[in-house]
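K.L.:
Structure for the following, please:
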Amino acid sequence: MGRVNDLDRASTALTSFSALLTPEGRSLLDLDEVREADPARELAVATRLRRDHPAELVTAVLAQARLRRRAVAKFGAEDARRMFFTPNGVEQATRTSVAVHRAESFRALGVRSVADLCCGIGGDAIALARAGVAVLAVDRDPLTCAVARANADALGLADLIEVREADVTEVDTSAYDAVFVDPARRGGRGRIFDPEAYSPPFSWAIEAARKAPHAALKIAPGIPHEAVPADAAAEWISDGGDVKEAVLWFGTDTPSSHRATLLPSGASLWSSLDAMLPDPGVRPVGRYLYEPDGAVIRAHLVAEVAARVEGGLIDETIAYVTSDALHATPYAVAYEITDQLPFGVKKLKAVLREREVGILTVKKRGSAVEPEELRRKVKPQGKNSATVFLTRVAGAPAMLIGQPVDVPESSGPGHR
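P.N.:
Got it, this is the predicted structure:
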C-alpha cells in the first residue's frame, strides 16, 4: 500500500509540475506579483489569481516562485527566475560558482563530453553545457528528469544536454570522455553518513569513475582521508569561506594529492601526499593570527600555510596559525592580536568596555562556549569593533582579541 501511495504522490507531483510548463502556467510565473510576493501578501495574491485560474495551478505557481527566490543564492537572479526547481533540487543542487569551476576543470583535461550520473535538476549539466561540453544527464526520478529537461530548454542548452530517465548503474558511459557522479547522500531520515549507503554506493561510483578516461566523484567534505583511493586526486572547495563540497578526480596528472580550491578567487593550494609538510610546531602567540580557509583545513594543508607565513600553531590540536610576520596569502585571513587572556567572561567584558567595543565578532575553535551566549553575557557597547577568538593556547582555554588585517599582495608570497 505504501508503494502505491508513493507512486500516486509522484504522479501528482509530475502532473502539477507539467502544468507550470503550459502557456497559462508560464504566464502566471512571469507576473511581477507572483515573482515578488512576500509571505505576508501570498494569501491575497493566491485569492485573486484563483478567481481566473485553477486553484491547483495557482498553488503550484506560488510554490515554484518561492523556490526560485530561494535558488537565487545558488544560481543568481537571472538564471533562477527562468529555471524550475523542486524543494530537494534547490537544497542539493551544486551552486553555479562551484559547477563552473568543475566544468572548467573538465575542459582543462580536454573533455568534450560528460555522462552526468545522478544529475538532479541539472546544475552541473548547465555549467558543463555552457563550457561547450556535451552532456548526458541521467537520473531515475521522473520529476527530477522533467525539471532538468525544462531547465536545459529554459536556458537554451537543450542541444547540448540530453536528459535520460534511468538507473545510473545500467547506463553505458563508454562513449563519453568523462563521467561525473554525484551520489544521493540524503535519505528519508536525513543525511547519510555511511558511503556505502549512498545511492549509488560509494564503491560502485569509484569503479564507474575508474572505467572512464577522466572522472569526478562528488563526496561529502568530511570524508575520512583514509577512505580516499590512492589513485584519486582529492579536492576540497570553498566558496566565500564556506566549504561546499569535496571531489575525487580520476584520470588526472596529479593522483595521490590533496587540493584546496577557494572560490570566487580560484586560488588553489595543493600537494602530493608524499610531499606534504609535517604538522607545524606549537609556538607562543605572535603579533598575527592566521585563520586558514576551511578547504585548507579539510585538505590537511595547514602546514603549507604555516610555512608561507613563517608561523606555527597556537595549540597542537587547533588549526590557528600564529606568526610575528605579516604575509599576504589567499589561504587564510590575518588578524592583528592585541590581547591574550585566560578564558573568563568578566575579564573579557572589562576589556571590551575599556575599548568601547560595540561590534563584536566571536569565533571559536576548540571551545564549547557558544558565540551568541558569550555575546549576550558581555553586552558589547561602544563605537569600536573587535574579534575575539575562543580557543586553546598550548592546551589551556584562552581568549585572543584582535582585528582583521588587509594585507597588500606585494607583502607576501603568492599562491601556487
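K.L.:
so who does residue 206 touch?
P.N.:
For residue 206, the contact set (Cβ atoms under 8 Å, 6 or more residues apart in numbering) comprises 217, 229, 248. For glycine as for every other residue, the C-beta is placed from the backbone atoms N, C-alpha and C.
K.L.:
redo that, cut-off 10 Å
P.N.:
Residues in contact with residue 206 (Cβ atoms under 10 Å, 6 or more residues apart in numbering) are 181, 195, 215, 217, 219, 227, 229, 231, 232, 248, 250.
K.L.:
Helix, strand or coil: sort out it for me.
P.N.:
Put simply, residue 206 is helix when judged by DSSP: H, G, I helix; E, B strand; the rest coil.
K.L.:
so how far is residue 216 from it?
P.N.:
Residue 206 is 12 Å from residue 216, where distance means Cβ to Cβ, to the nearest Å.
K.L.:
Common neighbours of the two, please.
P.N.:
Listed contacts common to residue 206 and residue 216 are 181, 232, 248, 250; contacts here mean Cβ under 10 Å, 6+ apart.
K.L.:
From what I see, the second one and residue 205 are in contact.
P.N.:
No - the pair residue 232 and residue 205 does not pass the contact test of Cβ atoms under 10 Å, sitting 11.3 Å apart.
K.L.:
Surely residue 108 is in contact with residue 178?
P.N.:
No - contact status for residue 108 versus residue 178: not in contact, 11.6 Å apart, counting by Cβ under 10 Å.
K.L.:
With neighbour numbers in mind, choose between those two.
P.N.:
A direct count of neighbours by other Cβ atoms under 10 Å for residue 108 and residue 178 places residue 178 higher, at 24 against 9.
K.L.:
so which helix or strand takes in residue 319?
P.N.:
Per DSSP states H and E, residue 319 falls inside strand 318-323.
K.L.:
how far does the helix or strand following that strand sit from the chain's center?
P.N.:
Downstream of strand 318-323, the first helix or strand assigned by DSSP H and E is strand 332-342. Centroid separation between strand 332-342 and its chain, computed with Cα atoms, centre = their mean, to the nearest Å, is 28 Å.
K.L.:
could I get the helix or strand just after strand 332-342 in CSV with only the CA atoms?
P.N.:
As assigned by DSSP H and E, the chain's next helix or strand after strand 332-342 is helix 345-355. Only the C-alpha atoms of helix 345-355 are listed here, as CSV (Å, rounded to 0.1, in the frame of the first residue of the first chain):
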residue,chain,number,x,y,z
VAL,A,345,33.7,36.4,30.8
LYS,A,346,34.2,39.1,33.4
LYS,A,347,37.7,39.9,32.2
LEU,A,348,36.5,40.0,28.6
LYS,A,349,33.6,42.2,29.5
ALA,A,350,36.0,44.7,31.2
VAL,A,351,38.4,44.8,28.3
LEU,A,352,35.6,45.4,25.8
ARG,A,353,34.1,48.1,27.9
GLU,A,354,37.5,49.8,28.2
ARG,A,355,38.0,49.6,24.4
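K.L.:
got the angle between helix 345-355 and strand 332-342?
P.N.:
Calculated by axes from the mean of the first three to the mean of the last three Cα atoms, to 10 degrees, helix 345-355 forms an angle of 110 degrees with strand 332-342.
K.L.:
Start the count at 59 instead of 1 going forward.
P.N.:
Got it, the first residue is 59 from now on, which makes the last one we talked about helix 403-413.
K.L.:
What residues sit buried inside helix 403-413?
P.N.:
406, 409, 410, 413 (16 or more other Cβ atoms under 10 Å).
K.L.:
Spatially central residue in this structure, please.
P.N.:
residue 302 (2.0 Å; Cα atoms, centre = their mean).
K.L.:
So what's the gap between the helix or strand encompassing that residue and the chain middle?
P.N.:
Assigned by DSSP H and E, residue 302 belongs to strand 300-308. For strand 300-308, the separation from the chain centroid amounts to 9 Å (computed by Cα atoms, centre = their mean).
K.L.:
Direction included, what does whichever helix or strand comes after it pair up with?
P.N.:
Toward the C-terminus, strand 300-308 is succeeded by strand 315-321 as the next helix or strand (DSSP H and E). Counting by DSSP bridges, the strands paired with strand 315-321 are strand 291-297 (parallel), strand 325-330 (antiparallel).
K.L.:
quick one: average confidence on strand 315-321?
P.N.:
For strand 315-321, mean pLDDT rounds to 98.
K.L.:
now swap in stretch 70-84 and tell me
P.N.:
Mean predicted lDDT for stretch 70-84 stands at 94.
K.L.:
buried residues in that stretch?
P.N.:
For stretch 70-84, using 16+ other Cβ under 10 Å, the buried residues are 71, 72, 74, 75, 77, 78, 79, 83.
K.L.:
give the contact list for the third one.
P.N.:
Neighbour list for residue 74: 83, 114, 115, 117, 118, 119, 121, 122, 201 [criterion: Cβ under 10 Å, 6+ apart].
K.L.:
Mind doing that once more with 7 Å?
P.N.:
Shown in contact with residue 74 (Cβ atoms under 7 Å, 6 or more residues apart in numbering): 114, 118.
K.L.:
which phi and psi does it have?
P.N.:
phi -60, psi -40 (degrees, to the nearest 10).
K.L.:
would you turn the buried residues of helix 403-413 into JSON lines with distance to residue 219?
P.N.:
Formatted as JSON lines, the buried residues of helix 403-413 follow (distance: Cβ to Cβ, whole Å):
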{"residue": "406", "distance to residue 219": "55"}
{"residue": "409", "distance to residue 219": "58"}
{"residue": "410", "distance to residue 219": "55"}
{"residue": "413", "distance to residue 219": "56"}
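K.L.:
do you know how far the closest residue to residue 129 other than its chain neighbours is from residue 389?
P.N.:
Sequence neighbours aside, residue 138 is the residue nearest to residue 129 in space, at 4.2 Å (criterion: Cβ to Cβ, 6 or more residues apart in numbering). According to Cβ to Cβ, residue 138 and residue 389 sit 31 Å apart.
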